[in-house]
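S.K.: quick one: sequence and predicted model below, then my questions.
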Amino acid sequence: MIKVGFYPGCSMKGGAQEYQESVTALAKVFDIELVEVPDWNCCGATAAHNLNKELSLSLPARIMALAEKEGITDIVVPCAACYNRLSVTKHELAEDPSLSSKVASIIDLKYEGTTQILNIIQFIDKYITDRLEEKVVKPFDYKSACYYGCLLVRPHSILKFDRVEDPQSMDVLVKKAGGNAIDWAFKTECCGAGLSVSRTDSVARLSGNIMKDAADRAAEVVVVACPMCHSNLDMRRPEINKFLNEKIDIPVLYISQVLGLAVGLDAKTLGLNRHMTEVNLPERPIKEVPVAEVPQKVVNTQKMEA
Amino acid sequence: MSASHEISHPLSLSGEMQMDTGVIINKCYQCGKCSAGCPVAEEMDYPPSLVMRMLQTDDPKNYEKLLRSMSIWLCVSCEMCLTRCPMEIDIPALMDNMRQKSIRAKKTNPQAKKIISFHKSFLDSINYTGRLYEMGLIVDYKMRTGAMAQDVTIAPKMFIKGKLNPVPEIIKGRKKIAAIFNKVQNNKEGK
């Protein structure tokens, strides 16, 4: 059993419990134990960086400082928003030593910035992908629209993760799980994020446009890697459908749930029952594919952008 | 380093923002890609490219308009403008800076009340417990805005689905978190 540091973030303890359930269950299949950063706090999210810059750096810095103290080298941060805040803080403090020592005095902890921040896809790629295909027992044979949203890929200058306009990393994972990752136009459009409660009509429009494109391209499932994207696309579906004036019932699954289903975990373990938009994926007969013919690598033929 | 003509005078308004954020406002040449890609531009009073132009004028009247605008609160920090900007201008950092200035100068747009209340309720929750307590956040937000009826139909379903945690998670170091809030609030700069 390998132990890897883990920062679940607040949504995983509330509205996105199924994300934690599925990430933990998936890790376990691959003999990985996720160890929470002791006594972690909220990263501050949008509210902190909108209202107070020092606070927005101090809250994530405390999390990383606690991890350092515990000797944690890799922190898995499945929430894209938390991943973004931790990564941006690490970057800003590395760029500015005087700011770094100021923040260290605010949090009253030693901070060195030595921890590696991994988003869910980076975690899977580092610890799981090599062994993924051999563990697939029930290929996820559905047309999947992989939705990356904003904070997983932007700003590229800091995150340096995947392509900004047409990212591929999640598509590759879905394909390895036996899925059909479709080409679509709204991979990195914003869902409306933190305006969900305070300006629901804006979120209905933005998330509505995303779901509309997925539906128009006959997606059977939208795959996400962020609790905020998930709640806007899933929980705000009544508002979305009202905005679009049509009924879209495509379920929204976390990438960890998709991979979990493929390696044979059951729906309840993965928390599929917790989604507000019901998950009723049709049963698909498992195609008999001789092992040797399974594509080992998905070749990316599209030109690099940006 | 950039050519000197790109840098604003340190005593000008744009110069002050440059000191705060490190963003060189005069780099913008009004190509408009930020406004084209911005998901909320159509709802804004001033779209991002116009915000940039207004900042470049160094006219106090334009700064006043921006601090009182809805644009700075509608910006969702999605970072699309920065991503597509040929000059890599960090507009989201400028937006953060203007939001904070707007609050300090008590010039926030009345229509932004709900958005600001949500942020404040969010931070209060962290201040008290160290983590975000979603149910507490919603109750606090409703108290601040009077939007009592909002989303009441969704809550029971969330509860049944196990998405609402009835008990807040309180961390051991909550006093340390409160101390962090105190220190950053006492700091007059508050950038």
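M.R.: Yep, it's here. Residues are numbered from 1 along each chain as shown, chains lettered A, B, ... in the order given.

S.K.: CA only for contacts and neighbour counts going forward, please
M.R.: Noted.

S.K.: what residues are up against the spatially most central residue of chain A?
M.R.: Computing the C-alpha centroid of chain A and ranking residues by CA atoms, centre = their mean puts A:Ala225 first, at 2.1 Å. Contact analysis of A:Ala225 by CA atoms under 8 Å, 6 or more residues apart in numbering or on different chains lists A:Pro78, A:Cys79, A:Ala80, A:Ile120, A:Tyr147, A:Tyr148, A:Tyr254, A:Ile255.

S.K.: redo those residues as JSON lines? Include neighbour count and distance to B:Ser77.
M.R.: Below are the contacts of A:Ala225 laid out as JSON lines (neighbours: other CA atoms under 10 Å in any protein chain shown; distance: CA to CA, whole Å):
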{"residue": "A:Pro78", "neighbour count": "27", "distance to B:Ser77": "19"}
{"residue": "A:Cys79", "neighbour count": "26", "distance to B:Ser77": "16"}
{"residue": "A:Ala80", "neighbour count": "24", "distance to B:Ser77": "13"}
{"residue": "A:Ile120", "neighbour count": "22", "distance to B:Ser77": "21"}
{"residue": "A:Tyr147", "neighbour count": "29", "distance to B:Ser77": "18"}
{"residue": "A:Tyr148", "neighbour count": "27", "distance to B:Ser77": "15"}
{"residue": "A:Tyr254", "neighbour count": "25", "distance to B:Ser77": "23"}
{"residue": "A:Ile255", "neighbour count": "26", "distance to B:Ser77": "24"}
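
S.K.: pick out the most distant pair among those.
M.R.: Maximum pairwise distance among these (CA to CA): 14.5 Å, between A:Pro78 and A:Tyr147.

S.K.: re earlier: closest one of the contacts of A:Ala225 to B:Asn109?
M.R.: Ranked by distance to B:Asn109 (CA to CA), the contacts of A:Ala225 are led by A:Ala80 at 29.7 Å.

S.K.: next, give phi and psi for that closest one.
M.R.: Reported as degrees, to the nearest 10, the phi and psi values for A:Ala80 are phi -60, psi -30.

S.K.: again, but for A:Glu278
M.R.: phi -60, psi 140.

S.K.: what is the burial count for it?
M.R.: Number of residues near A:Glu278 (other CA atoms under 10 Å in any protein chain shown) recorded here: 14.

S.K.: isn't it right up against A:Ile248?
M.R.: No. Using CA atoms under 8 Å, A:Glu278 is not in contact with A:Ile248, being 11.4 Å away.

S.K.: so which bits of stretch A:232-245 are buried?
M.R.: Within stretch A:232-245, the residues scored as buried using 16 or more other CA atoms under 10 Å in any protein chain shown are A:Asn232, A:Leu233, A:Asp234, A:Met235, A:Arg236, A:Arg237, A:Pro238, A:Glu239, A:Ile240, A:Asn241, A:Phe243, A:Leu244.

S.K.: cool, stretch B:57-72 as well?
M.R.: So for stretch B:57-72, counting by 16+ other CA under 10 Å, buried means B:Asp58, B:Asn62, B:Tyr63, B:Lys65, B:Leu66, B:Leu67, B:Arg68, B:Ser69, B:Met70, B:Ser71, B:Ile72.

S.K.: what's the first-to-last distance across that stretch?
M.R.: Using CA to CA, to the nearest Å, the end-to-end distance of stretch B:57-72 comes out at 18 Å.

S.K.: do it and chain A meet at all?
M.R.: No. Figure legend: stretch B:57-72 not in contact with chain A (CA under 8 Å from any CA of the partner chain); closest approach 9.5 Å.

S.K.: check the offset of that stretch from the chain's centre.
M.R.: Relative to its chain's centre, stretch B:57-72 lies at 15 Å (CA atoms, centre = their mean, to the nearest Å).

S.K.: pLDDT on that stretch, on average?
M.R.: What stretch B:57-72 shows for mean pLDDT is 96.

S.K.: can you check stretch A:204-211 too?
M.R.: 98.

S.K.: what residues does that stretch touch?
M.R.: Stretch A:204-211 has contacts (CA under 8 Å, 6+ apart) with A:186, A:189-192, A:232-233, A:236, A:239-241, A:243-244, A:248, B:39.

S.K.: which one among these gets closest to B:Phe118?
M.R.: Of all these, B:Phe118 sits closest to A:Gly192, with 14.3 Å by CA to CA.

S.K.: how many residues are close by that closest one?
M.R.: Residues lying near A:Gly192 (other CA under 10 Å) number 29.

S.K.: can you count the residues close to the nearest residue to it once chain neighbours are set aside?
M.R.: Leaving aside its sequence neighbours, A:Gly192 sits nearest to A:Val203 (CA to CA, 6 or more residues apart in numbering or on different chains; 4.6 Å). When neighbours are counted by other CA under 10 Å, A:Val203 registers 26.

S.K.: check the one 5 residues further on too.
M.R.: One way to gauge burial is a neighbour count; for A:Gly208, by other CA under 10 Å, it gives 25.

S.K.: would you say it is within a helix?
M.R.: Yes. Judged by DSSP: H, G, I helix; E, B strand; the rest coil, A:Gly208 forms part of a helix.

S.K.: let me know the pLDDT of B:Met19.
M.R.: Looking at B:Met19, its pLDDT stands at 91.

S.K.: what of A:Asn300?
M.R.: As predicted, A:Asn300 sits at a pLDDT of 57.

S.K.: try B:Pro166
M.R.: If you check B:Pro166, the pLDDT there is 82.

S.K.: try A:Ile286
M.R.: If you check A:Ile286, the pLDDT there is 77.
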